[in-house]
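> Sequence and predicted model, in that order:
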Number of protein chains: 2
Amino acid sequence: MEQDLLKKMLMVHKIQRHDFMNHLQVIYGYLQLGNLEKAKEYSLKAVESVKSYGQFSKIPLPLLQSFLLWFMTQIENSGAVFAFIFEGNWQEWQDVDLELTKLLRELLSSVQERLSANDLKCRLGFLENVADFSLVFIGREEDLNHLQEEKVTSQSLVVVYEKVSSEKLVVTIKPDKNI
Amino acid sequence: MEQDLLKKMLMVHKIQRHDFMNHLQVIYGYLQLGNLEKAKEYSLKAVESVKSYGQFSKIPLPLLQSFLLWFMTQIENSGAVFAFIFEGNWQEWQDVDLELTKLLRELLSSVQERLSANDLKCRLGFLENVADFSLVFIGREEDLNHLQEEKVTSQSLVVVYEKVSSEKLVVTIKPDKNI
């Protein structure tokens, strides 16, 4: 897993570098045309795009952080369909980095295409005032049913699927206290 | 080793993001002052700085690539003191990524301060027309002698130190064919 994630991080690094170069070239292009306003506007947009990766630094689990950084680079228009709330209680999760990452990898890989196509939205993070990690999926009923049928399980984590409405599925994950 | 390098790559990612935000803010500052020429000049400088990390993508060994990327971020003014020639024969090195990375980590950690202080220069890569990996150190005789005395060894790599002049030490590394 570490070896695989290390390769993924090298890819993230490369993609990010290419994105940076691209941003700088667009800005330089506007400057050469003497278009100060466009250059300013684009600079602010580039800052926002770079900032969006910053939210991951809050995750104190190296495997999970690496996987999510990579996953973000794999989804088109990810800002629109994938949101995170990472301010929460990470304490309980320190020992299950590997298990949690495996679980999210399995779960998210199965919906990667639908996230990219904007058919599905996902919010990942902590539920308000609760230490449980959760994924909230919003999309078509058939897609959500499909997700629920392919239920992902884990040996040391409790995974609960709950359909809260026809368009909303909540997957809650917590460490199994009995293990 | 993989776990350690994964954490290092997350640091590289964070540092790079901060650097890039900084570049964009400087450019935006010049634009707000209406200083088009300075903004153009700085954009080109930023492109060069981002490009300098690109040389590592040529290294087809994930452990070594990760370590060197991280090492670069740890050295101040690294462009001036640390150069690489990575176009070469990587074929023979595929199976010794771990050993080569361990060796370079030991060797480079011991001179990190002197590289940062600009007391020592280092060129890392392939010698011309030879498949051997090498480090060429240029610096004060006492520093080079010190390096030679602390000779780093490896179980599966042959390491040869050769002082070619009072200011130049060449460390050649090759896979041990007898293992």
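The structure has been received and is ready for your questions. Residues are numbered from 1 along each chain as shown, chains lettered A, B, ... in the order given.

> And the residue of chain A that's closest to chain B?
residue A:2 (3.6 Å; C-beta to the nearest C-beta). (C-beta placed from N, C-alpha, C; glycine too.)

> how about the nearest residue to that residue once chain neighbours are set aside, what does it touch?
Among residues not flanking residue A:2 along the chain, residue B:2 sits closest, at 3.6 Å (C-beta to C-beta, 6 or more residues apart in numbering or on different chains). By C-beta atoms under 8 Å, 6 or more residues apart in numbering or on different chains, residue B:2 lies in contact with A:2, A:3, A:6, B:63.

> Buried ones among these?
If you count burial by 16 or more other C-beta atoms under 10 Å in any protein chain shown, the buried members of the contacts of residue B:2 come out as A:2, A:6, B:63.

> want to try JSON lines for the residues you listed, with pLDDT and distance to residue A:70 as columns?
Shown next, in JSON lines, are the buried ones among the contacts of residue B:2 (pLDDT from 0 to 100; distance: C-beta to C-beta, whole Å):
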{"residue": "A:2", "pLDDT": "86", "distance to residue A:70": "13"}
{"residue": "A:6", "pLDDT": "94", "distance to residue A:70": "11"}
{"residue": "B:63", "pLDDT": "94", "distance to residue A:70": "18"}
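
> Nearest to residue B:34 among those residues?
Set against residue B:34, the nearest of the buried ones among the contacts of residue B:2 by C-beta to C-beta is residue A:6 (45.3 Å).

> Quick check: that closest one touching residue B:66?
Yes - taking C-beta atoms under 8 Å as the definition, residue A:6 is a contact partner of residue B:66 at 5.9 Å.

> what's the overlap in contacts for the two?
Joint contacts of residue A:6 and residue B:66 (C-beta under 8 Å, 6+ apart) are B:5, B:6, B:9.

> Also near chain A: which of those, exactly?
B:5, B:6, B:9 (C-beta under 8 Å from any C-beta of the partner chain).

> Pass me the low-pLDDT residue ranges in chain A, would you?
A:76-82, A:127-131, A:178-179 (pLDDT under 70).

> And for the residue nearest to residue A:87 when sequence neighbours are not counted, the neighbour number?
Nearest non-adjacent residue to residue A:87, counting by C-beta to C-beta, 6+ apart: residue A:58, 6.8 Å away. Residue A:58 has 14 neighbours, counted by other C-beta atoms under 10 Å in any protein chain shown.

> And residue A:58, how far from residue B:68?
To residue B:68, residue A:58 is 27 Å away according to C-beta to C-beta, to the nearest Å.

> ditto for residue A:164
Taken as C-beta to C-beta, the span from residue A:164 to residue B:68 is 49 Å.

> Who has more neighbours out of these two?
A count of neighbours by other C-beta under 10 Å puts residue B:68 above the other of residue A:164 and residue B:68, at 22 against 9.

> Going by secondary structure, the more buried one is in what exactly?
helix B:62-74 (DSSP states H and E).

> what helices or strands is that helix leaning on?
Helix B:62-74 is packed against helix A:2-32, helix B:2-32, helix B:97-109, helix B:112-116, with contacts defined by 3 or more C-beta pairs under 8 Å, 6 or more residues apart in numbering or on different chains; DSSP states H and E.

> switch to 6 Å and redo it
helix A:2-32, helix B:2-32, helix B:97-109 (3 or more C-beta pairs under 6 Å, 6 or more residues apart in numbering or on different chains; DSSP states H and E).

> any idea what sits nearest the most centrally placed residue in chain A, other than its immediate chain neighbours?
In chain A, the centroid-proximal residue (C-alpha atoms, centre = their mean) is residue A:68; its distance is 4.8 Å. Distances taken as C-beta to C-beta, 6+ apart put residue A:56 closest to residue A:68, at 5.7 Å, once the chain neighbours are dropped.

> I figured the one you found hits residue A:66, correct?
No - checked against C-beta atoms under 6 Å, the pair residue A:56 and residue A:66 is beyond contact range at 8.9 Å.

> Between the two, point out the one with more neighbours.
Neighbours around residue A:56 and residue A:66, counted as other C-beta under 10 Å, are more numerous at residue A:66. The numbers are 26 against 21.

> Tell me who's in contact with the more buried one.
A:5, A:9, B:6 (C-beta atoms under 6 Å, 6 or more residues apart in numbering or on different chains).

> Could you list the residues of chain A in contact with chain B?
A:2-3, A:5-7, A:9-10, A:14, A:17, A:20-21, A:24, A:27-28, A:31, A:36, A:39-40, A:43, A:46-47, A:50, A:53, A:57, A:62, A:65-66 (C-beta under 6 Å from any C-beta of the partner chain).
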